[in-house]
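Chemist: Sequence first, then the predicted structure, then my questions.
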Amino acid sequence: MCQACGFADIIHGSKMRRRAFVFGAAAAGVLTAVPGANAKAQKSPSKQTKKPSAPPKPENVLAPDEALARLMEGNKRYQQGLARRHDFAAEREALVGGQNPYAAILSCADSRIAPEYAFDSSRGDLFVVRVAGNVANPYNIASLEYAVEVLKTPLILVLCHEACGAVKSAISSIQDHTTLPGHLPSLVAALTPAVEAVRGRQGDLQENATVENARMCATTLETATPLLSAAVNEKRVKVVSGIYRLADGRVDLFA
């Protein structure tokens, strides 16, 4: 485990491993050359293995399916207006030394969508990544890799929502053959595969494209090598997708 970043040493690549081997070999040569060095090393008592510290929120240590069930229970409370009271002072104190969220959410940046509220969660429960159109770009994938590999988060939810402005703009740009200003074309490019995939499908084009984009993003995360794909294959993390309903706050999961 790398003490600097928290990731397993293996992700730093073979160059670091080769470098460690060279340094290790050189150190061994020095010890051999110095009289009595090996004897001292053998006599030195081995350091006691440091016991891992307890997670800041032990209740967040869950299996993927348990995490999903807890997430959806929170959404039911939110729909009913029965949110739990939160002791913000106590929560802050408990999280000073670290975090272990039980779910990570890739959500649209729309101001009407607030995952912490939508799932009636406390501080330290959700690791939330937000971007217009909830697209899975390299920066978002890296953030979710950190959640899974370092924070041991067992669940990722890709959360889209009804009436997504990013998807609407992408559809208009594609259909009208227009180029949006600023950096918006990059967002259109990210959403175009979903729009094209649902052309001719029955139902509302915007909602179909919104749902398809969330599905595609979930697949992107599941197959992102080397970290997320390995965690999925080892069943350490589950990736799901869902849509937020604006009228009542309900989150509907879909395959």
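Modeler: Received, thanks. Numbering: from 1, shown residues only.
Chemist: Next up, identify which helix or strand residue 86 is on.
Modeler: Here residue 86, judged by DSSP states H and E, is contained in no helix and no strand.
Chemist: Verify the contact between it and residue 125 for me.
Modeler: No: judged on Cβ atoms under 8 Å, residue 86 makes no contact with residue 125 at a distance of 10.1 Å. The C-beta positions use only the backbone N, C-alpha and C, and glycine is treated the same way.
Chemist: who has more neighbours, the two?
Modeler: Counting neighbours by other Cβ atoms under 10 Å for residue 86 and for residue 125 shows that residue 125 has the greater number, 24 against 12.
Chemist: Surely the more buried one touches residue 100?
Modeler: No: in this structure, residue 125 is not within contact of residue 100 by Cβ under 8 Å, at 9.4 Å.
Chemist: which residues do these two both contact?
Modeler: Residues touching both residue 125 and residue 100 (Cβ atoms under 8 Å, 6 or more residues apart in numbering): 57, 60.
Chemist: Any stretches of this protein with poor pLDDT?
Modeler: Residue ranges of the chain with pLDDT under 70: 1-52.
Chemist: now the spatially most central residue of the chain, what's its secondary structure?
Modeler: By Cα atoms, centre = their mean, the chain has its centre lying nearest to residue 144, at 2.6 Å. Classification of residue 144 using DSSP: H, G, I helix; E, B strand; the rest coil returns helix.
Chemist: got a list of what the residue lying closest to it once chain neighbours are set aside touches?
Modeler: The shortest distance from residue 144 to any non-neighbouring residue, by Cβ to Cβ, 6 or more residues apart in numbering, is to residue 104 (5.5 Å). The contact partners of residue 104, by Cβ under 8 Å, 6+ apart, come to 126, 127, 128, 129, 144, 147, 148, 153, 155, 156, 157.
Chemist: Surely residue 187 and residue 133 touch.
Modeler: Yes: contact criterion Cβ under 8 Å: residue 187 and residue 133 qualify, at 5.8 Å.
Chemist: and for these two, which residues touch both?
Modeler: 166, 170.
Chemist: more crowded one of these two?
Modeler: Each of residue 187 and residue 133 has its neighbours counted (other Cβ under 10 Å); residue 133 has more, 25 against 21.
Chemist: On the secondary structure side, give me the element for the nearest residue to that one once chain neighbours are set aside.
Modeler: With sequence-adjacent residues excluded and distances taken as Cβ to Cβ, 6+ apart, residue 133 is closest to residue 166, at 3.6 Å. Counting by DSSP H and E, the element that carries residue 166 is helix 165-176.
Chemist: what's that helix in contact with?
Modeler: 108, 110, 132-133, 178-180, 184-185, 187-188, 191-192, 194-196, 205-206, 209-210, 213.
Chemist: which residue ranges form the helices in the stretch 51-200 of the chain?
Modeler: 64-80, 88-94, 115-118, 138-149, 165-176, 184-197 (DSSP state H, counting those that start in this stretch).
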